[in-house]
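In: Give me a model of this one.
(chains A, B, C and D)
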2 protein chains.
Amino acid sequence: MSDTRWLDDDQQRAWRSYLRMQTRLTAALNRQLQTDSGLSLADYEVLVYLTDAPDGRLRPYELQHALDWEQSRLSHHLSRMQRRGLVERQDCPEDRRGAFVVLTPAGREAITNAAPGHVEAVRDLFFDALTPEQVAALRQVATQVLARLDPASE
Amino acid sequence: MSDTRWLDDDQQRAWRSYLRMQTRLTAALNRQLQTDSGLSLADYEVLVYLTDAPDGRLRPYELQHALDWEQSRLSHHLSRMQRRGLVERQDCPEDRRGAFVVLTPAGREAITNAAPGHVEAVRDLFFDALTPEQVAALRQVATQVLARLDPASE
DNA sequence: CCAACGTACATGATGCGTCATCTATTTCAA
DNA sequence: TTGAAATAGATGACGCATCATGTACGTTGG
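Out: Prediction:
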């Protein structure tokens, strides 16, 4: 109840463009990964962090913070990846509540095979369409919006 | 097999920032809409287009092109919205394969109630974080990436 | 010491999105 | 005109994401 301040035409157009880019770009990247490697974007990100970890092994909560995912999303996702043989779960002796997620050889192979094509696609569809200045500007935009979303991030 | 050209550090950082903004921003907007109005972002977009149509009525394929959705996504989504009483389906006499989607009074009420809060959130989380120049730059970025994704768009 | 509280993780339900596939109708060309 | 192809739409299966909740273990203050 009150006079809502609507978006002006420029803002509307910018917003719609942004939404459309987002939808299409992630769809395209997902499709590329899926058809070329049988992985989803989410799989890919999980595997990246595991690959960079010592022994390909992390506590789920570490992964969760690195990915900025909800806890239950990660848990469900790890279950599916485990079912497909990409990761394993191990008990954690130091904290009996906890666990470890470990990259399996199949998981390591999957990310190794997937990475070149995915990077290629990101470059082709995104970076090659933009100037370095635009990339820098976009990064700045993202940073400011993130600060707005989560004032406590840093 | 060959020397993949990886992303440099700036590109990596920009890419991660972008992905994180995307995830968090849509999550925040979805949550706002959901808790304040019981609608999802997808519901909202469907209702917007229906509201702007004569008699609140469109052929599904028109809606599909306007939204830039896959056909089956729309069909499933309309089924869910129909189940909740937000829209109805009607037969189309001119093309017996086809149909109409019509806004119900409940649907019209839902979008009317939801719009101010949603616009407010978009403004607050997005536009208020950015300068007009940044908004223009982002729009340009989206346009270029979209052109890259779909050379035949226009 | 132990009760209260916090943390690590799992699970079931449900909505969302894609793919593959199916049906019905229209269109178009030989 | 008729058969092939294109178009409009629905549906089932399945992976993805969130919310609510549950369980087990650690931590801490009295």
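
In: Could you check how far residue A:4 is from residue A:95?
Out: As defined by CB to CB, to the nearest Å, residue A:4 lies at a distance of 50 Å from residue A:95. Any C-beta I mention is one placed from the backbone N, CA and C, and that applies to glycine too.

In: In terms of neighbours, single out the busier of these two.
Out: residue A:4 (13 against 10; other CB atoms under 10 Å in any protein chain shown).

In: Report the secondary structure element holding the nearest residue to that one once chain neighbours are set aside.
Out: Leaving aside its sequence neighbours, residue A:4 sits nearest to residue B:116 (CB to CB, 6 or more residues apart in numbering or on different chains; 4.0 Å). Assigned by DSSP states H and E, residue B:116 belongs to helix B:105-125.

In: Run the contact check for that helix versus DNA strand D.
Out: No. Figure legend: helix B:105-125 not in contact with DNA strand D (CB under 7 Å from any atom of the strand); closest approach 14.1 Å.

In: How about stretch A:40-54?
Out: Yes. Stretch A:40-54 is in contact with DNA strand D by CB under 7 Å from any atom of the strand, via A:40, A:42-43.

In: so the closest residue to residue A:127 other than its chain neighbours is in which element?
Out: In space, and not counting its chain neighbours, residue A:127 is closest to residue B:11: 5.8 Å by CB to CB, 6+ apart. For residue B:11, the host element (DSSP H and E) is helix B:9-37.

In: Report whether that helix contacts DNA strand D.
Out: Yes. Using CB under 7 Å from any atom of the strand, helix B:9-37 reaches DNA strand D at B:27, B:31, B:34.

In: Tell me the spacing between residue A:37 and residue A:95.
Out: Distance from residue A:37 to residue A:95, by CB to CB: 34 Å.

In: try residue A:137
Out: For residue A:137 relative to residue A:95 (CB to CB), the value is 44 Å.

In: quick revisit: I figured the residue nearest to residue A:127 hits residue A:136, correct?
Out: No. Look at residue B:11 against residue A:136 with CB atoms under 8 Å: they stay out of range, at 10.3 Å.

In: Around residue A:38, how many other residues sit close by?
Out: 13.

In: List the contacts of it.
Out: residue A:110 (CB atoms under 8 Å, 6 or more residues apart in numbering or on different chains).

In: By mean pLDDT, flag the weakest helix or strand of chain A.
Out: helix A:9-37 (a mean of 93; mean pLDDT, DSSP states H and E).

In: mind listing what's buried in stretch A:87-105?
Out: Neighbour-count burial for stretch A:87-105 flags A:87-88, A:99-104 (criterion: 16 or more other CB atoms under 10 Å in any protein chain shown).

In: How about stretch A:125-139?
Out: Quick answer for stretch A:125-139 (16+ other CB under 10 Å): A:125-127, A:129-130, A:134-135, A:137-139.

In: Any stretches of chain A with poor pLDDT?
Out: Low-confidence segments of chain A (pLDDT under 70): A:1-2, A:151-154.

In: tell me, what residue is most central in it?
Out: Central residue of chain A (CA atoms, centre = their mean): residue A:45, 5.0 Å from the mean position.

In: quick one: that residue is in a helix?
Out: Yes. Counting by DSSP: H, G, I helix; E, B strand; the rest coil, residue A:45 is found in a helix.

In: got a list of what the residue nearest to it when sequence neighbours are not counted touches?
Out: Spatial nearest neighbour of residue A:45, excluding adjacent residues (CB to CB, 6+ apart): residue A:67 at 6.0 Å. Going by CB under 8 Å, 6+ apart, residue A:67 touches A:45-46, A:49, A:74.

In: Help me confirm that residue A:43 comes into contact with residue A:86.
Out: Yes. The criterion here is CB under 8 Å, and residue A:43 meets it with residue A:86 at 6.8 Å.

In: between the two, what contacts are shared?
Out: residue A:110.

In: quick one: stretch A:87-103 near DNA strand C?
Out: Yes. Residues of stretch A:87-103 are located near DNA strand C by CB under 7 Å from any atom of the strand, namely A:89, A:92, A:95, A:97-99.

In: now, the most widely separated pair of those residues?
Out: Among the residues of stretch A:87-103 next to DNA strand C, the pair separated by the greatest distance (CB to CB) is A:89 and A:95, at 14.0 Å.

In: picking up where we left off before, from DNA strand C, how far out is the residue nearest to residue A:127?
Out: 25 Å (CB to the nearest atom of the strand, to the nearest Å).

In: Then residue A:109?
Out: From residue A:109 to DNA strand C the distance is 23 Å (CB to the nearest atom of the strand).
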